[in-house]
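1. please find the sequence and the predicted model below.
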Amino acid sequence: MATLNYEETYTVNDAAERFERTTARIRQICISNEIGTLIEGRIRILTPADVRKIGEIIADCSRHKS
């Protein structure tokens, strides 16, 4: 099992605030794209790379809506 450096991790709440989306939407993105590490079946921990990937997915969805 990989260890996490908690100084460089984020939560779904952090990502929701950063991208101005609901926590439910960020969770949907994470689940459908297998992003993040689920802790105790409840808390999803995100790395900086995970947060960048979420941002790319949100940007891609926004481009397709235009």
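-> Nice, thanks for sending it over. Numbering: from 1, shown residues only.
2. quick one: mean pLDDT for the helix or strand hosting Cys61?
-> In this assignment (DSSP states H and E), Cys61 forms part of helix 48-65. Averaging pLDDT along helix 48-65 gives 90.
3. who's in contact with Val51?
-> Val51 sits next to Tyr10, Asp14, Ala15, Arg18 when contact means Cβ atoms under 8 Å, 6 or more residues apart in numbering. For glycine as for every other residue, the C-beta is placed from the backbone atoms N, C-alpha and C.
4. hmm, back to that, buried residues in the helix holding Cys61?
-> Under the neighbour-count criterion of 16 or more other Cβ atoms under 10 Å, helix 48-65 has Asp50, Val51, Lys53, Ile54, Ile57, Ile58 buried.
5. coming back round to it: weed out the non-buried ones from the contacts of Val51.
-> Neighbour counting with 16+ other Cβ under 10 Å marks Tyr10, Ala15 as buried within the contacts of Val51.
6. the closest residue to Thr9 other than its chain neighbours and Ala59, how far apart?
-> Closest residue in space to Thr9, ignoring its immediate chain neighbours: Ile45 at 5.0 Å, by Cβ to Cβ, 6 or more residues apart in numbering. Distance, Ile45 to Ala59, by Cβ to Cβ, to the nearest Å: 22 Å.
7. Leu46 too?
-> Leu46 sits 17 Å away from Ala59, going by Cβ to Cβ.
8. same check on Arg18?
-> Note on Arg18: its distance to Ala59, by Cβ to Cβ, is 13 Å.
9. again, but for Asn13
-> Distance, Asn13 to Ala59, by Cβ to Cβ: 20 Å.
10. then Lys53?
-> Per Cβ to Cβ, Lys53 is found 11 Å from Ala59.
11. one more: Pro48?
-> Separation of Pro48 from Ala59 (Cβ to Cβ) stands at 16 Å.
12. also Glu40?
-> As for Glu40, its distance to Ala59 is 31 Å (criterion: Cβ to Cβ).
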